[in-house]
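[1] Mind folding the following:
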Amino acid sequence: MKNFYIISGSSGSGKTTLLELLSRDLSIEISVSYTTRKKRKYEIDGVHYNFISEEKFKEMIDKKLFLEFENVHGDLYGTALSSLSEYVDNNKQLFLELDVNGAVSLMKYYPNNTVSIFLSPPNLDELRKRLELRSTETDQEINKRLSRFEEEDSLKKEFDYNLINDNFETTFENIKEIINRNKKED
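    Model prediction:
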């Protein structure tokens, strides 16, 4: 059985919104990662992320509590190993929204348990527009996110599926179909 459905891609590719809707529609939980990033106004600690200090995060690294962790745009993000083994042991399914390097780490650790989907924006101009519209980052932060685009995009060949999110409803249905197809194969 596939336990993990990874959604990855650039900031602004639509991962979070798609994942929240897919989770409700397919009754699959979403993994809650740890981060040192500042909480956005609409985010809830323990629901969107576990927001912790850099000191606490580094403590968890030292104790080897993360399967993977990354420094993304100056903030630390990580997936706790304990939460993942629970899903494998209990034959349950979980959605994960991970940066591309974290996704590749998870795919290597659980090669037979994952389905990975890479989401791309239609183009770099559209990505900039999406990042500006969400009004959660400064121009400097947006430029930092855009500077990672080529690096992230170059890793999409590592994923099982590559989708361009140029139409939200179509992308939603395509991901749903991928998940349902993989459920049937188990």
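
[2] Only C-alpha atoms from now on, for both contacts and neighbour counts.
    Will do.

[3] Would you mark the buried spots in the helix or strand in which Ile178 is found?
    Ile178 is part of helix 168-185, with elements assigned from DSSP states H and E. Neighbour-count burial for helix 168-185, counted by 16 or more other C-alpha atoms under 10 Å, picks out Thr171, Phe172, Ile175, Lys176, Ile178, Ile179.

[4] Over to stretch 30-39?
    For stretch 30-39, using 16+ other C-alpha under 10 Å, the buried residues are Ile30, Ser31, Val32, Ser33, Tyr34, Thr35, Thr36, Arg37.

[5] do the same with stretch 115-124
    Val115, Ser116, Ile117, Phe118, Leu119, Ser120, Pro121.

[6] Could you pull out the strands in this protein for me?
    4-9, 29-30, 34-35, 50-51, 66-72, 75-80, 94-97, 114-120, 161-164 (DSSP state E).

[7] Serialize those to TSV and add fields for distance to Leu21 and mean pLDDT.
    As requested, the strands of the chain are exported to TSV (distance: least, C-alpha to C-alpha, whole Å; pLDDT from 0 to 100):
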stretch	distance to Leu21	mean pLDDT
strand 4-9	13	93
strand 29-30	11	91
strand 34-35	21	96
strand 50-51	20	97
strand 66-72	25	89
strand 75-80	21	93
strand 94-97	11	93
strand 114-120	15	93
strand 161-164	17	94
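
[8] Take these and lay them out in TSV including distance to Leu131.
    Shown next, in TSV, are the strands of the chain (distance: least, C-alpha to C-alpha, whole Å):
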stretch	distance to Leu131
strand 4-9	14
strand 29-30	23
strand 34-35	20
strand 50-51	22
strand 66-72	16
strand 75-80	17
strand 94-97	17
strand 114-120	13
strand 161-164	16
